[in-house]
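> predicted model and sequence below, questions to follow.
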Amino acid sequence: MQQIPLLQNIKEAAAYIREKYPVTPEVALILGSGLGVLADLVEDAVTIPYEEIPNFPVSTVEGHAGELLLGTIGGRHVLLMKGRFHMYEGYGVDTVSFPVRVMKELGVQKLLVTNAAGGVNTSYSPGDLMIIRDHINFTFRNPLIGPNFGELGVRFPDMSEAYSRRLREVAKSVAAEQGLTLQEGVYLGLLGPSYETPAEIRMIRTLGGDAVGMSTVSEVLVARHAGIEVLGFSCISNMAAGILDQPLSHEEVIETTERVKQTFLKLIMGIIPKM
């Protein structure tokens with residue numbers, strides 16, 4: 001996506017969505033592999049396929065439906081992306097993060113982002129839910145490179161609190177009320193689509209990564225640039241390469257997220273009204 005028509009592309013996409021759903025969404029949700037079940041939470045939902053939205057890319061990954069839902073959860077007006085975009089699909093970093101620009105144009109103030117991730121921290125187990133405290137950008141791509149438009153954000157955005165401390169505390173409080181134990185750690189984002197080698201996982205652990213995946217980082221960079229407050233979760237869908245001495249598969253990712261979906265649904269339902 002070229003930088004010059006970026007503002008126009010954002011406004012066109014937002015205008016189309018606003019025609020379909022004229023209410024301002026307060027909270028946006030981006031759902032990762034196998035986590036689209038959260039879309040079942042949306043009441044009175046208006047569904048818009050990605051391919052209908054001007055300038056929107058289309059998701060090509062199994063487990064990603066490719067729909068935008070607008071409605072309410074817990075009395076809050078929400079925008080929910082059922083399926084996201086990845087650079088390993090061949091999209092540029094600016095295209096992957098474009099929907100977050102549209103969210104800001106629509107009036108979104110808070111973003112809840114989820115992903116399925118491999119567990120690098122050996123104290124984790126498949127099925128654990130991890131609050132993302134921080135991230136390491138090992139995609140070596142940044143969607144903010146290029147001309148900076150002041151109406152989208154500042155030239156040099158602060159990333160010292162990429163994931164809101166306030167929202168992390170809300171999540172912990174809701175989890176405690178529900179008797180749910182959450183992990184909290186650092187997410188390291190890679191390009192993919194191949195899973196990491198055991199040597200790479202040892203490197204990632206040494207660098208301070210607790211979970212590893214192929215999404216989220218670019219979306220969060222743009223969200224913070226736009227002044228959107230972010231809360232992130234990783235569903236630990238499998239232990240990363242070399243930890244259990246077994247091969248990795250996308251089927252395992254989907255199976256694990258299916259197993260924990262009810263716990264995850266209940267947690268998100270408790271968090272959204274308090275965001």
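Now that the structure is in, tell me what you want to look at.

> how far out from the middle of the chain is stretch 183-194?
Mean C-alpha position of stretch 183-194 versus that of the full chain (Cα atoms, centre = their mean, to the nearest Å) differs by 12 Å.

> and the contacts of that stretch?
Where contact means Cβ atoms under 8 Å, 6 or more residues apart in numbering, the residues beyond stretch 183-194 that reach it are 86-88, 115, 117, 120-121, 124, 128-139, 141, 168, 172, 196, 204, 207-218, 232, 234, 236. For glycine as for every other residue, the C-beta is placed from the backbone atoms N, C-alpha and C.

> mind doing that once more with 6 Å?
87-88, 124, 128, 130-139, 204, 208-212, 214, 216-217, 234 (Cβ atoms under 6 Å, 6 or more residues apart in numbering).

> and what of stretch 13-24?
46, 48, 53-56, 70, 77, 102, 105-107.

> highest neighbour count among these?
Val102 (25 neighbours; other Cβ atoms under 10 Å).

> just the element for it, please.
Using DSSP states H and E, Val102 maps to helix 93-106.

> mean confidence (pLDDT) on that helix, please.
Regarding helix 93-106, the rounded mean pLDDT is 96.

> pull the CA atoms of it into PDB?
Written as PDB, here are the backbone C-alpha positions of helix 93-106 (Å, rounded to 0.1, in the frame of the first residue of the first chain):
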ATOM      1  CA  VAL A  93       3.900  -4.500   7.100                       C
ATOM      2  CA  ASP A  94       1.700  -1.400   6.300                       C
ATOM      3  CA  THR A  95      -1.000  -3.600   4.800                       C
ATOM      4  CA  VAL A  96      -1.000  -5.900   7.800                       C
ATOM      5  CA  SER A  97      -1.600  -3.000  10.200                       C
ATOM      6  CA  PHE A  98      -3.900  -1.000   8.000                       C
ATOM      7  CA  PRO A  99      -7.100  -2.200   9.800                       C
ATOM      8  CA  VAL A 100      -5.800  -0.600  13.000                       C
ATOM      9  CA  ARG A 101      -5.600   2.700  11.200                       C
ATOM     10  CA  VAL A 102      -9.300   2.300  10.200                       C
ATOM     11  CA  MET A 103     -10.200   1.400  13.800                       C
ATOM     12  CA  LYS A 104      -8.800   4.800  14.900                       C
ATOM     13  CA  GLU A 105     -10.600   6.600  12.200                       C
ATOM     14  CA  LEU A 106     -13.900   5.000  13.400                       C
END
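
> same list, the contacts of stretch 13-24, but as JSON lines with distance to Asp158 please.
Below are those laid out as JSON lines (distance: Cβ to Cβ, whole Å):
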{"residue": "Val46", "distance to Asp158": "35"}
{"residue": "Ile48", "distance to Asp158": "33"}
{"residue": "Ile53", "distance to Asp158": "31"}
{"residue": "Pro54", "distance to Asp158": "32"}
{"residue": "Asn55", "distance to Asp158": "28"}
{"residue": "Phe56", "distance to Asp158": "29"}
{"residue": "Leu70", "distance to Asp158": "30"}
{"residue": "His77", "distance to Asp158": "28"}
{"residue": "Val102", "distance to Asp158": "23"}
{"residue": "Glu105", "distance to Asp158": "22"}
{"residue": "Leu106", "distance to Asp158": "24"}
{"residue": "Gly107", "distance to Asp158": "22"}
